[in-house]
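Peer 1: Compute the structure for the input listed below.
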Amino acid sequence: MSIVTFLTFVGDQCGKAEEAINFYTSTFPNSEIISITKYAKGEAGGTPELIKHGVFSLNGTNYMVSESNYNHAWSFTPAVSLLIMDNSNEFIQTVFEKLSENGGQIMVPLDNYEGEGDYGFGKKFGWCEDKYGISWQFILSE
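Peer 2: The predicted model follows:
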């Protein structure tokens with residue numbers, strides 16, 4: 001059995017999956033695009049420039065992706081996020097900044113939370129949404 005995160009790019013994000021995959025694999029170490037299959041001309045669910053099914057790896061963890069140009073009543077939500085834990089302050093800071101820039105949104109500033117306001121997660125915590133609508137949480141572990 002395997003459990004893999006599956007990202008479906010719809011609505012305003014449809015057509016941006018390949019750009020997102022390239023961005024993510026260039027941002028995280030030990031990452032690669034494993035496969036991309038696009039829709040055939042006239043195939044239901046998409047057009048030839050859209051990803052029917054793709055697989056990429058971020059630091060050894062696989063993710064699947066698809067795009068659909070159907071009128072879906074849903075998209076990405078911050079209620080589900082990708083959590084990054086690392087013991088390098090420099091890495092956490094760099095990736096947080098890169099993912100939250102150019103149309104991204106900072107939802108919880110990456111900061112030290114000790115004492116009052118301590119979330120109990122680690123030395124530092126932050127939460128952002130990238131320009132593709134994917135939500136990311138960051139914890140500086142001890």
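Peer 1: and the lowest-mean-pLDDT helix or strand in the chain, how far from the chain's centre?
Peer 2: Within the chain, no helix or strand scores below strand 105-112, which has a mean of 89 by mean pLDDT, DSSP states H and E. Averaged C-alpha coordinates place strand 105-112 at 16 Å from its chain's average position (CA atoms, centre = their mean, to the nearest Å).
Peer 1: Just the angle for the next helix or strand after it relative to strand 105-112, thanks.
Peer 2: Heading C-terminal from strand 105-112, the first helix or strand you meet, by DSSP states H and E, is strand 124-129. Put simply, strand 124-129 runs at 170 degrees to strand 105-112, going by axes from the mean of the first three to the mean of the last three CA atoms, to 10 degrees.
Peer 1: avg pLDDT for stretch 64-80?
Peer 2: Averaging pLDDT along stretch 64-80 yields 91.
Peer 1: Okay, buried residues for that stretch please.
Peer 2: When neighbours are counted by 16 or more other CB atoms under 10 Å, the buried residues of stretch 64-80 are found to be 65, 66, 67, 68, 69, 76. Placement of C-beta: from N, CA and C, glycine included.
Peer 1: likewise stretch 56-65?
Peer 2: Neighbour-count burial for stretch 56-65 flags 56, 57, 58, 63, 65 (criterion: 16+ other CB under 10 Å).
Peer 1: Let's see the distance spanning it from one end to the other.
Peer 2: One end of stretch 56-65 sits 8 Å from the other (CA to CA, to the nearest Å).
Peer 1: Check what contacts it and list those residues.
Peer 2: Outside of stretch 56-65, the residues within contact range by CB atoms under 8 Å, 6 or more residues apart in numbering are 4-9, 17, 20-21, 24-25, 28-34, 51, 53-55.
Peer 1: Quick one, which of those are buried?
Peer 2: For the contacts of stretch 56-65, a neighbour count by 16+ other CB under 10 Å gives the buried set as 7-9, 17, 20-21, 24-25, 28, 31, 51, 54-55.
Peer 1: Which of these fall within strands?
Peer 2: Assigned to strands by DSSP state E, the following of these qualify: 7, 8, 9, 51, 54, 55.
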